[in-house]
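> need a 3D model of the sequence below.
(2 chains)
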Amino acid sequence: MNQKKQVKHLFIEPCVNFINRSTKQCPNLPAFVVDTKFTHGISLSTGGCPFVHEVRKDEDICSPILRKLFNESHHIFVGLQGIRDDLPSKNKKTQFVSISKNYRSVIRACMEELQQVAGKVEGKSDGRISPVFFLQVSILLAVELIWNLCEVLFIDAAPAGSLLLHLLDWVRLHKADVDEKARDVLQSESPTEHQAYWDVVISYVLQGRMDEARQVLMKQAALQPAARGMFKLLDNLLIKMPIFNPSGAQTLTEFDVKWRHWHEEVDRCLQDQSFASNPHLEVICKILVGDEDVLLEHKELLSTWYHFLVTRLLFSHPIVKPTELHYYAQSSMHMFLDTRSVPEPLDSILLAAFEFDIHQVIKDCSIALNNWWFVAHLTDLMDHCKLLQSHNLHFGSNLREFLLLEYASGLFTHHSLWQLAVDYFDHCPEFGRVYLELQIERVPLDTERKALKVLRICEQRQMTEQVRSICKIMAKGALRNNRLGSALSWSIRAKDAAFATLISERFLQDYCANGAFSDLDLIDNLGSAMLLSDRLTFLGKYREFHRLYGEKCFSDAAKLLLSLMTAKIAPRTFWMTLLTDALPLLEQKEVIFSADQTHELMFCLEDLTSGNCLPKPDRAMQDEDIDTTKIEILRLALARNLAKAIVKEGTVEV
Amino acid sequence: LMEGINAKYVSQKISKTRWRPVSSSSLQQPDIFATGSWDNEDNKISLWSIGDNGVSGMDDEFEGDPQLVCEYKHNGDVMDLQFLDQDRIVTASSTGAVTIFRHNHNNQTLSVSQLWERAHHYPCGKAPCTGVVCNSPEIVTVGEDGRIILFRSDQEGVTRTIENADSSTIHAVTFLRTTEILTVNSIGQLKLWDFRQRGNEPSQILSLTGDRVPLHCVDRHPNQQHIVATGGQDGMLCIWDVRQGKMPFSLMEAHSAEMWEVHFHPSNPDHLFSCSEDGSLLHWETSSNSDTPSFLQGGRNASITSRSAIAPAGGNQSLISAWLTGDSGKGRLETTHMLPSQTLSVNSLDVLGQCLVCGTDGEAIYVNRLVPI
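Prediction:
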């Protein structure tokens, strides 16, 4: 009890804290729809969205797609737990990066499917997609964006030089609308006349995609033979821009020198006013030289402060070190964002990542996203990368376990997804088992097959208490439905002697009432399970007596019958029935019970009848008169048999 | 990862997968399969196509990816599912109902064509129907209520009921001959039933003495009707010869948890497939040099062949073990893991031609179109 209380204290409180804060502080990043329970997981803080009645419909579309996210990520999670600790760290890093990429590709697949379905709904005449749907997609986008940055900064932990290349990839992946725009432009009748033409060129340059920028520029150059020299000059600058090659032989210093030379060359062109006659080309040149004012003039093309950051680094500090990132990130954010506007949660999260404050990232994500899927999986991965070691939490020893438990508990409340939770609990060494024990008994058991699945989970983990309780539930259910055989099987599986006794009694009652056994297939097949309870042993042995009698093995049958009483296997209440069963054996022509055995039978009868004098509550059940007659008949039969036996035994001796 | 294997996440836990039969005359590969779900708030039966002739245009990216053809709500868990013929599917429900669904090829829809609502039941309440087997027009179902019920798809009523056929739960049923069926139950017994006999008693009971290990699945050798394979709670594979003896012919350690299904390959019965709660799917191959399948080589002393490595390390592990004692040189048995390692139960499998389909509690359907037969 004490321990459970502690669990509650440690885990529930901070969780409530998180949620309370989330609704108050973060109106802009609404609650994630991937809440652990879809059915009421949406808190609509979408800025006064009036379509509350449509939520149900959207869930119907969303939840099947999100289920794929849960199932696929479960698979990845289990794989990650299997990575051995003793691998060389270099191999491990490669594995962790690839696992991180797997997680992200699942998020992306989920996002794409949502978009696809949205497209289909839109295509229909009456199709209208409510904001919740887009909300879902935008949240997944944010999740993937954050995850990707964490992968670059923490898991891959790229050094100076490579760092920028990774950040460029990150920006390119999440600002992919350039390609769409480029396609529109290039497929139009006269691309150069297209209003987005220069936007495309500049966007490519801002992302450092020089080859693509040059290709689009070529269209313009071909139309302006007079300005050919100028175009050629810019083209040359673009070609010559040095890009760090992490796998090459070049050192960082060599690259830096080369880059500075190029930078000076670009600067010279500006001083020379080489592009003065063409404002577009001049802007591009100013971008190449890293002119921050010009960059900030293209806020719309950059769209986010972190794109601005990466572009700024590309043209001003290409060998930025991880430790310097936070400085540029902060200043870029301040330069880019309107000074009056408060940064949104996503901004703070990314900034925390750039500051390499992983705990802040996880904390802010917990608050802003109001779901545990993302933080639980990311934290688990970070923990495997040994990035969380030194940190102590005021509410528990282990952040990873806390988040996994929250996520898995949520899964467990779901009608179907409860099975996934088991593996998560398994990998929470401190409290996982307690959680599983508490929750597994609440799974409704509609069929035996489901009960078997739950039992397997318990048995594999030696959860004997739960095994017993599940079997008992099933045994009781079977008994209620008058399925004695099934009920007995369940209590045998639970090794529940008391219940097996109860069911054996029912079998014996039925036998006394009908004069025949039901469920012979089961009773004949008890085997060693018979030893579970005395009553069950008796049931099995008593049935064996009937079988022997049926097969006319009279002396074996007689021996067994007697031993049931003398070895006290049979309950005393059943002795009269047994003695009555002895009657036909006593009445056989040949002597079956020996003189000694007959003496013992007589002793049993006297023992029983003398006990009968005592007042018994169940005396009322039997008819006194019939009983007395029965006893008389028995005594007579026993006496006659004793006489026959003595004669026979005497005869043999002589 | 694994050659030819294709996984699709379907957002429902799959309890059953079955190929639609192909006409026996053609050498055609199957292209449509049915699935049933369980443990969902709303369960479904669904038809899927892996054919290229269907909706093309998605081309390479979706090649081999099963596409949903149609689906229909199913009351209760789909406990079992069988094709009655090309157009009709019979399901067993956890509500005790037995339903025939019709697939309308013209507009690609499913509809209920016949329903026996409370076929399996307790005096007061529903009893799950656990298994169904078809031999058109006959349908036989079994349930947790211990009943065996015989239906005819062309009749509305029940043709015959064997009350109290089993004191325990009957887990599965298969046809042995046209008038004979075989059931397996939760206390480890196989029972033969002859519908020509009027009584409510089985014509034969076979069991592993003393063990009482529940049997979950049964399949009959397609050519030699006396050879039967069963799988049990302990993951063991048993081969029985129902003509002789009450004991299994051989016992093999296969899975580390319940074996949910076992199937002989219908046209190449030297191959056998089994799936389990432990998340694995095994392909068993005997290389028989003689006419006798090596399942039956090695005499009658049932002994346990142990397989040392059970866990699939994510790769194609081939485990070779001699089949039984004695003539181990003649018949060799090879088992191969057919799925990448995963922890959630593989509930069902079906194999036809070179195609195999299976479904899991991880809400995935795996299709392999290149089963090495």
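
> how about residues contacting the helix or strand containing A:D211?
Under the criterion of DSSP states H and E, A:D211 resides in helix A:210-223. Helix A:210-223 has contacts (CB atoms under 8 Å, 6 or more residues apart in numbering or on different chains) with A:182, A:185-186, A:191-192, A:197, A:200-201, A:204-205, A:227-228, A:231-232, A:234-235, A:238-239, A:241. Every C-beta, even on glycine, is put in place using the N, C-alpha and C of the backbone.

> mind giving me the ChimeraX select for these, buried ones only?
If you want just the buried ones from those in ChimeraX, going by 16 or more other CB atoms under 10 Å in any protein chain shown, the selection is:
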select /A:182,185,191,192,197,200,201,204,205,227,231,234,235,238,241
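
> tell me the secondary structure for B:T91?
strand (DSSP: H, G, I helix; E, B strand; the rest coil).

> list the residues that contact it.
With CB under 8 Å, 6+ apart, B:T91 has these contacts: B:G36, B:I45, B:H74, B:V78, B:M79, B:D80, B:L81, B:V98, B:T99, B:F101, B:V132.

> kindly recompute the last result at 10 Å.
B:16, B:34, B:36, B:43, B:45, B:72, B:74-82, B:97-101, B:112, B:129, B:132, B:141 (CB atoms under 10 Å, 6 or more residues apart in numbering or on different chains).

> show me just the buried residues among the residues you listed.
Buried among the contacts of B:T91 (16+ other CB under 10 Å): B:16, B:34, B:36, B:43, B:45, B:72, B:74, B:76-82, B:97-101, B:129, B:132, B:141.

> so which of these reach chain A?
For chain A, the contacts drawn from these by CB under 10 Å from any CB of the partner chain are B:N43, B:G76, B:D77, B:M79, B:C129.

> so what sits opposite the first one in the bridge?
Per DSSP bridges, the residues bridged to B:N43 are B:H74.

> that one contacts B:V78, doesn't it?
Yes. Contact criterion CB atoms under 10 Å: B:N43 and B:V78 qualify, at 6.0 Å.

> now do the shared contacts for those two.
B:Q12, B:S15, B:G36, B:S37, B:T91, B:S93, B:S94.

> coming back round to it: what about the helix or strand following the helix holding A:D211, distance to the chain center?
Using DSSP H and E, the helix or strand that follows helix A:210-223 in sequence is helix A:228-240. Centroid displacement of helix A:228-240 relative to its chain, using CA atoms, centre = their mean, to the nearest Å, is 55 Å.

> now do stretch A:358-374
Counting by CA atoms, centre = their mean, stretch A:358-374 comes out at 18 Å from the chain centroid.

> can you name the residue of the stretch 101-250 of chain B nearest chain A?
Taking CB to the nearest CB as the measure, the stretch 101-250 of chain B has B:S167 as its residue closest to chain A, at 2.7 Å.

> tell me the SS of that residue?
coil.

> what is the most widely separated pair among the ones next to chain A among the buried ones among the contacts of B:T91?
B:N43 and B:C129 (13.7 Å; CB to CB).

> joint contacts of these two?
Common neighbours of B:N43 and B:C129, counting by CB under 10 Å, 6+ apart, are B:G76, B:D77, B:T91, B:S93, B:S94.

> list phi and psi for the first one.
Per-residue torsions, B:G76: phi 80, psi 170 (degrees, to the nearest 10).

> need the contact list for it.
Contacts of B:G76 by CB under 10 Å, 6+ apart are A:446-447, B:38, B:43, B:91-97, B:99, B:126, B:128-129.

> closest to A:D423 out of these?
Using CB to CB, B:W38 is the member of these that sits closest to A:D423, with 19.4 Å.

> touching, that closest one and B:V78? I think so.
Yes. Using CB under 10 Å, B:W38 is in contact with B:V78, at 6.0 Å.

> name the nearest residue to the residue of the stretch 101-250 of chain B closest to chain A, sequence neighbours excluded.
Nearest residue to B:S167, sequence neighbours excluded (CB to CB, 6 or more residues apart in numbering or on different chains): A:G485, at 2.7 Å.

> can you give me phi and psi for that neighbour?
phi -60, psi -50.

> ok, it - contacts?
By CB under 10 Å, 6+ apart, the contact set of A:G485 is A:478, A:503, A:507, A:518-523, A:525, B:146, B:164, B:166-169, B:185-187.

> got a pLDDT number for residue 127?
No chain specified, so I'll use chain A. If you check A:G127, the pLDDT there is 61.

> you looked at the wrong chain, it should be chain B
Model confidence at B:A127 (pLDDT) stands at 95.

> got phi/psi on it?
Dihedral angles for B:A127 - degrees, to the nearest 10 - are phi -120, psi 130.

> excluding chain neighbours, what is closest to it?
Distance criterion CB to CB, 6+ apart; nearest residue to B:A127, sequence neighbours excluded, is B:D145 at 3.7 Å.

> and the strands in chain A?
Counting by DSSP state E, chain A has no strands to list.

> same check, this time on the stretch 51-200 of chain B
In the stretch 51-200 of chain B, the strands defined using DSSP state E, counting those that start in this stretch lie at B:67-74, B:78-83, B:88-93, B:98-104, B:109-116, B:121-122, B:125-126, B:129-135, B:138-143, B:148-152, B:158-162, B:170-175, B:180-185, B:189-194.

> distance check, A:E122 against A:D179.
For A:E122, the distance to A:D179 (CB to CB, to the nearest Å) stands at 22 Å.

> to clarify, my last question referred to A:E441.
In this view, A:E441 and A:D179 are 54 Å apart by CB to CB.

> specify which member of the ones next to chain A among the buried ones among the contacts of B:T91 is nearest to A:E144.
B:N43 (32.2 Å).

> can you pull the contacts of that closest one?
B:N43 touches A:416, B:12-13, B:15, B:36-37, B:73-78, B:91, B:93-94, counting by CB under 10 Å, 6+ apart.

> closest residue of the stretch 451-600 of chain A to chain B?
Here the stretch 451-600 of chain A gets closest to chain B at one residue, A:G485, 2.7 Å apart by CB to the nearest CB.

> how is chain A divided into domains?
A:1-156+A:370-418, A:160-320, A:552-654 (automatic domain parsing).

> can you tell me which of these has the worst average pLDDT?
Minimum mean pLDDT among the domains of chain A: domain A:1-156+A:370-418, a mean of 70.

> now stretch B:226-238, how far from the centre of its chain.
On CA atoms, centre = their mean, the centre of stretch B:226-238 falls 12 Å from the chain's centre.

> touching, B:G125 and B:G96? I think so.
Yes. Counting by CB under 10 Å, B:G96 is a contact partner of B:G125 at 8.8 Å.

> list residues touching both of the two?
B:R118, B:D145.

> settle it for me: which of the two has more neighbours?
A side-by-side neighbour count of B:G125 and B:G96, using other CB atoms under 10 Å in any protein chain shown, places B:G96 first with 26 against 12.

> the residue lying closest to A:S188 once chain neighbours are set aside: how many residues sit nearby?
Nearest residue to A:S188, sequence neighbours excluded (CB to CB, 6+ apart): A:H194, at 4.9 Å. Using other CB under 10 Å, A:H194 has 18 other residues around it.

> distance of A:H194 relative to chain B?
Distance from A:H194 to chain B, counting by CB to the nearest CB, to the nearest Å: 30 Å.

> angles on the backbone of that residue, please.
phi -60, psi 140.

> for it, which residues are in contact?
Listed by CB under 10 Å, 6+ apart, the contact set of A:H194 reads A:K181, A:D184, A:V185, A:L186, A:Q187, A:S188, A:V200, A:K219.

> pLDDT at B:N106, what is it?
Looking at B:N106, the pLDDT reads 90.

> pull the number of nearby residues for it.
For B:N106, the neighbour count with other CB under 10 Å is 5.

> next: A:Q195.
A:Q195, neighbours per other CB under 10 Å, totals 8.

> for it, list the residues it contacts.
When contacts are counted by CB under 10 Å, 6+ apart, A:Q195 touches A:V185, A:S188.
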